[in-house]
Every structure is written in structure tokens, then in C-alpha cells.
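Novice: only geometry, no sequence info:
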Ligand SMILES: [Zn+2]
């Protein structure tokens, strides 16, 4: 292997993964602090149990968790497995973006999208709240994605046109809004999320994301429903499922759609 292949096959993917882990560590802070209205940038990280400030050595993503054996250095309280799990997840998502779209601006847009989806999903899972500020950030990202996608659009990736984006937003967002008004089983947070995701994914991928979310939710809810842990009328936070399906659509949507239509 020459230097260029080593860089392309090993070094750059590894950098995306490590960078993702570091961003994931920051996302943990956002997910924890935002619902509690603690400023994200102010002050050092602290142990939620004993309030001791954490030092740099306690904050190395993943490694600190392993080194401290999952316990706070000061009070010995268990550190949730969530923290290293979401650091690793963010690293993997960044890597997948690179593997899907290479060293392009679209990959950067993808990494930002994955980060936001992880925050939205986890805050909704914890609190059932979707802050409106996320939709504005996603809106800005939709504008970036429109220009970045032109760089890679061509034979492999069909261009997501402006018309397709607007239709994706109106059709899926509008459809969910009607569902929300008629059945009441859909939250406005879901409507807004999928409306703005339409501007990023376009019509085809957003419709796919819509159906995929309900398929994943149905599979996940099957066991709790059968064992009667959840009643059929319990409100299920759908945003995490939309986040998973949107991330999947962004990375592999075109491939999944062509695989699906090749079945018939
Ligand atoms: Zn502590």
C-alpha cells in the first residue's frame, strides 16, 4: 500500500471516527443540560450526583469511562453506560457518513445532521420535548445540504432537487399534520421534524423515512405490547424512531429503495 491508499483507507476514516467520539462527548453534555436549562458552554462538567467538577483526565471520551471502571472518581456513583455508548454511536455515525459520501461537503452536512438527530432523539426520549430551536438549525442545514449535494449528485446519487425537497416537506409534514389532527396520536414535534427533514431528504427519501420509522417502532413495541408492559394507548415518543429512520434514509435511502423495488 502506498501512502495515499493508507490515508484514504485507514487514516481519514479513523479521524472521522475519533472526531465523532469527541463530538459525541459534547452531545452528552447538550442532552443532559438543555432540558435542565443549564447553559451548555458555561462552567466545567460536573458529576450529577456529588456535583464535583470533573477534570480533563475524567473527560476523555470512552477511555475515562473504562479507566474509572464506570464510576465517579469522587463519590463512586455509577456513571451511566449511556455516555460512552453515545460517544461510540456518534463516532460510528460520522464514520458511516464518510464511507457513504467520501471527503465531501455533503459528509460534513451528514455529520452535523447525525449530531442533531442524536440530540433530538435522546432529549425526546428523556423528556418528550422537542425544542423548536432544533428545527431552525435543521432548516439552516437543509440550505447547506442543497448546495453540498450538488457536489456529489450525478450517476451514483441522483440530485435532490429543490422541488423534491419542498414536496418532501409538504407531503410528509402535511400527511403527519392531518394524522395529528384526526387521530391525535401524532405530536406536533413529529410533524415539524419530518417537515424540515423533507427539505433535507427530498420527497422519495422522506417518504421512505416516514414508513421506516413506523416499521421500526412496530417491531420495537411488539414485545412490550404482547407482555402488556405498554398499553396500546400509551403515548410512545416517536421522535427517536424518526431520527433513526431519517439517519438511515440519509445514508442508505437510495440503496434501500432500489433494493425494495427489485424485489418485485
Ligand atoms: Zn460523583
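Specialist: Arrived safely. Please read these numbers as outputs of a predicted model, since none were measured by experiment. Numbering: from 1, shown residues only.
Novice: next secondary structure after the strand or helix carrying residue 135?
Specialist: Element membership of residue 135 [criterion: DSSP states H and E] is helix 132-152. As assigned by DSSP H and E, the chain's next helix or strand after helix 132-152 is helix 162-183.
Novice: quick one: distance of that next one to the chain centre.
Specialist: 20 Å (CA atoms, centre = their mean, to the nearest Å).
Novice: quick one: contacts of it?
Specialist: 142, 146, 185-188, 190-192, 194-207, 209-210 (CB atoms under 8 Å, 6 or more residues apart in numbering). For every residue, glycine as well, the C-beta is placed using N, CA and C.
Novice: may I see the buried residues of the following helix or strand past that helix?
Specialist: Downstream of helix 162-183, the next assigned helix or strand under DSSP H and E is helix 188-226. By neighbour count on 16 or more other CB atoms under 10 Å, the buried set for helix 188-226 is 189-210, 212-213, 216-217, 221.
Novice: report all helices and strands that helix 188-226 contacts.
Specialist: The contact analysis (3 or more CB pairs under 8 Å, 6 or more residues apart in numbering; DSSP states H and E) places helix 188-226 against helix 105-127, helix 132-152, helix 162-183, helix 239-262.
Novice: of these, which approaches the ion most closely?
Specialist: When these are compared by CB to the ion, helix 105-127 sits nearest the ion, at 20.1 Å.
Novice: buried ones in that closest one, by neighbour count?
Specialist: Result for helix 105-127 [16+ other CB under 10 Å]: buried residues 105-124.
Novice: then stretch 124-139?
Specialist: For stretch 124-139, by 16+ other CB under 10 Å, it's 124, 130-131, 134-135, 137-138.
Novice: how far does that stretch stretch from one end to the other?
Specialist: Start and end residues of stretch 124-139 are separated by 19 Å (CA to CA, to the nearest Å).
Novice: how's the chain carved up into domains?
Specialist: 1-103, 105-264 (automatic domain parsing).
Novice: pick the most buried one from those domains.
Specialist: Compared across the domains of the chain, domain 105-264 shows the largest average neighbour count, a mean of 17 (mean count of other CB atoms under 10 Å).
Novice: residue 104 touches residue 149, doesn't it?
Specialist: No. Residue 104 is beyond contact range of residue 149, at 9.3 Å (criterion: CB atoms under 8 Å).
Novice: those residues of this structure touching the ion, which are they?
Specialist: 47, 49-50, 72, 74-75, 77 (CB under 5 Å from the ion).
Novice: now render the helices and strands packed on helix 188-226 as TSV, adding distance to residue 97.
Specialist: Below are those laid out as TSV (distance: least, CB to CB, whole Å):
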stretch	distance to residue 97
helix 105-127	4
helix 132-152	12
helix 162-183	19
helix 239-262	7
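Novice: how about CSV for those helices, with mean pLDDT added?
Specialist: Below are those laid out as CSV (pLDDT from 0 to 100):
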stretch, mean pLDDT
helix 105-127, 95
helix 132-152, 94
helix 162-183, 94
helix 239-262, 93
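Novice: do you know which of these lies nearest residue 63?
Specialist: helix 105-127 (20.3 Å; CB to CB).
Novice: excluding its backbone neighbours, what's nearest the residue positioned nearest the centre of the chain?
Specialist: Centroid check for the chain by CA atoms, centre = their mean gives residue 117 as the closest residue, at 2.8 Å. Of all residues not flanking residue 117 in the chain, residue 243 sits nearest, at 4.2 Å (CB to CB, 6 or more residues apart in numbering).
Novice: thought the one you found was touching residue 119?
Specialist: No. With contact defined as CB under 8 Å, residue 243 and residue 119 do not form a contacting pair (9.2 Å).
Novice: any idea how far residue 216 lies from the ion?
Specialist: Residue 216 is 36 Å from the ion, where distance means CB to the ion, to the nearest Å.
Novice: noted, bye for now.
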